[in-house]
Structures are given as C-alpha cells and as structure tokens.
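Q: Okay, structure incoming, though there's no sequence with it:
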C-alpha cells in the first residue's frame, strides 16, 4: 500500500520505522561547522578583489538565474548576495527570474548556458527532488551543473495546536496511534520540503492512516493547524517561530541535525527519539557543467566573502536563514546524499508531482 498519495484525500499505509541517515547527519554537521568557521574568518579578514586582470574571468556582467518568482526566499537570497558579489568581482551581478515548472525552466536555461562562469543558478531543495519527480526534462539535474556552494540553510519544525493533549513528540506519536484514521497533516503543497519532512517522520515513527492535506503555501498550512483542520504540519522556522514563542503553536521537534537558535528549547527529532528525520530547506549556487575548476573556486571564494558581509548576515538572520558557504566538493557530496535519500523516500512513499 502507498504511504502518501497524490490526491487531496490520500491515506498513509504500510509504513515501518526505518532509522537512517545518522552518518549523513554527522557528516553534514561537520561540514556546516567548517563552513561557519570559514565565514567567521572571512568576516575578520580584509576585503579582497576577485576579478582577474588581463581580460580573464569575469569579463562581463554575471547573471544569477532564480527559477522562482520574485519575492520568495530564493530570490531574496540571490539579491542579498548580488551587491557584495558585484563589488568583489568588479562586474555587475544581476538577478533574473525565470519561474515555472517547479523551477526546471530556469534551471534548464543555466544548464544550457556557456560554461564560463557568467551565467549561474541559485536553486533550492527542489534541485535534488525534481530528478525523482519530473520526467522528460531536456537537461540533467544530476550531471548538468557544477556545484559552487550551499549558501544557506533554513530549518524546519513540526508544529501542532496547543489544544492537542500531546505536549511532546512521544506523546503525539502515542496520540496518533490511538487515533488511527482520524488525523490529517498539512503541508505547503505536494512534494514540497514540508511534505517530504512529514513523510520522513511518519515512516520513522511507524504511523499509518494519516491523511495528507496539501495547502497552497506554508501560511495556509499553519492556518490549518491553528484551526484544527489538521493535527500537525512541518513549517520553516522563520514562518512558525513567532507563533511558537507566543504560545499559539506548539513545536514538537526540529528537522535538523542541531537545534535552532531562535527556538533553543525545541529538541531535534533525534533528541526526541525519532531517528532519520533531517531535512532543511536550503539555497545553493551552481554553474553549468564543464565550468573550469579555477572559475568555480574563484566564485566560491567570492561567495564566502559575500556571506561574511555584516549586512548580508544581518538580513539573512532577519528572515530566518543561516549563511553557510560550503566548498564545492562538500556541496557536491551533500547534493548526492540528499538526492539518494529523497529519491528513495519519493519512490517508497509514491509521491507524485502532479497533485
């Protein structure tokens, strides 16, 4: 039986507890700590220019393609970085929105661009989800890009109404088991990061017969929790933290390998006794495959300095994102792990893109 179906009234069934990802969490934690240490060192270092003399890269303005509409988190991150990058690279860095088809239109444009570092992609979690959901794409998400850096992460948390009798994650699991077939969970949409994190939790905790209600966006899903239409949802910490602190929502666990500073009393899923539920939203920068390694490294170094900019860091903190700046090899390894974990989840949960 399928765990999560693609219609509005699906049921979860046939799942079992499957702890996984402990090594991945440890490796990712080390990578994240290394990236944060690098950013701290960059912030203390003097500013350097990354443009090369003699007509070498960059030789003209750089485009960062955002494959989503203006105003969203990915677009905001790109525009925050464009100013410092323009100064560091001594060339204009412009952000262009190419939304559509779950981000694949803009991604495809970059995959087909000349591999010279002048056309870049800023992408998000869907970069590793789309290969398992979309068929017949005219480009290859896995091999069509040169990863430059994971620039941010945005943690997710499990939220519920304080009206529920369960006050901890363990109590919620017991409550759900006692009310099989009566509960629903909300998400910001089918096959989104919030949906997949909830599916991870349900599989890891062995819960069955919980209906998935895909809303149109995270705010609508939170409203469903507040009104009691759904028992729980996964939400990004920036959208839910304020309501949690006000006592209007209850947070059971964080779907990250570590606690988040804005909600230090909320345990991770692992700390709360459920292993293998780690799924952050994130943004990363890519170049087309075949971009010379020297240019990739040059762009990475510029990005780490841009992320260390005090204004950029303050603005990112204000929207709930954590600046990273991981190295190209570390980012490539992260993408491979996420693609494998989420591809397996999508297949086993029978999650579809067309709900």
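A: It's in. Everything quoted here is computed from the prediction, not taken from an experiment.
Q: hey, where'd the helices end up in the stretch 151-300 of the chain?
A: The residue ranges that make up the helices of the stretch 151-300 of the chain, judged by DSSP state H, counting those that start in this stretch, are 169-178, 193-205, 218-227, 237-245, 293-308.
Q: Take these and lay them out in JSON lines including distance to residue 258 and mean neighbour count.
A: Where C-beta positions appear, they are placed from N, C-alpha and C, glycine not excepted. Putting the helices of the stretch 151-300 of the chain into JSON lines (distance: least, Cβ to Cβ, whole Å; neighbours: other Cβ atoms under 10 Å) gives the following:
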{"stretch": "helix 169-178", "distance to residue 258": "17", "mean neighbour count": "17"}
{"stretch": "helix 193-205", "distance to residue 258": "16", "mean neighbour count": "25"}
{"stretch": "helix 218-227", "distance to residue 258": "22", "mean neighbour count": "19"}
{"stretch": "helix 237-245", "distance to residue 258": "12", "mean neighbour count": "20"}
{"stretch": "helix 293-308", "distance to residue 258": "19", "mean neighbour count": "21"}
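Q: wait, which of those is closest to residue 80?
A: Closest to residue 80 of those, according to Cβ to Cβ: helix 293-308, at 8.5 Å.
Q: Quick one: distance of that closest one to the chain centre.
A: Mean C-alpha position of helix 293-308 versus that of the full chain (Cα atoms, centre = their mean, to the nearest Å) differs by 21 Å.
Q: C-terminal to it, what's the next element?
A: Where DSSP states H and E defines the elements, the next helix or strand beyond helix 293-308 is helix 310-318.
Q: after that following helix, next one along is what?
A: Next element after helix 310-318 (DSSP H and E): strand 322-323.
Q: So in that sheet, which strands flank that next one, and in what orientation?
A: Pairing partners of strand 322-323, with direction, according to DSSP bridges: strand 145-154 (antiparallel).
Q: Distance from the strand it pairs with to the middle of the chain?
A: The chain centroid and the centroid of strand 145-154 are separated by 10 Å under Cα atoms, centre = their mean.
Q: related to what we said a few turns ago, mind checking which of the helices of the stretch 151-300 of the chain is nearest residue 280?
A: Using Cβ to Cβ as the measure, helix 193-205 is the one of those that comes nearest residue 280, at 8.0 Å.
Q: Relative to residue 142, which of the helices of the stretch 151-300 of the chain is closest?
A: Using Cβ to Cβ, the nearest of the helices of the stretch 151-300 of the chain to residue 142 is helix 293-308, at 17.1 Å.
Q: Distance-wise, check residue 159 relative to residue 253.
A: 10 Å (Cβ to Cβ, to the nearest Å).
Q: Of the helices of the stretch 151-300 of the chain, which is nearest residue 265?
A: Distances from residue 265 to each of the helices of the stretch 151-300 of the chain were compared using Cβ to Cβ; the minimum, 9.6 Å, belongs to helix 237-245.
Q: Give me the contacts around that closest one.
A: Counting by Cβ atoms under 8 Å, 6 or more residues apart in numbering, helix 237-245 makes contact with 154-157, 159, 218-219, 222, 226, 249-251, 254, 260, 262-263, 266, 319-321, all of which sit outside it.
Q: How many neighbouring residues does residue 282 have?
A: Neighbouring residues of residue 282 were enumerated by other Cβ atoms under 10 Å; the total is 27.
Q: wait, isn't it in contact with residue 154?
A: Yes: between residue 282 and residue 154 a contact is recorded at 6.6 Å, counting by Cβ atoms under 8 Å.
Q: can I see the domain layout of this protein?
A: Using automatic domain parsing, the domain parsing of the chain gives 1-28+156-279, 47-151+281-348.
Q: distance between the first one and the chain's centre?
A: Put plainly, it is domain 1-28+156-279. Once both centres are worked out by Cα atoms, centre = their mean, domain 1-28+156-279 turns out to sit 16 Å from its chain's centre.
Q: got the contact list for residue 296?
A: Neighbours of residue 296 in contact, by Cβ under 8 Å, 6+ apart: 117, 146, 148, 287, 328.
Q: ok, and the most crowded of these?
A: Sorting those by how many neighbours each has (other Cβ under 10 Å) puts residue 148 first, at 29 neighbours.
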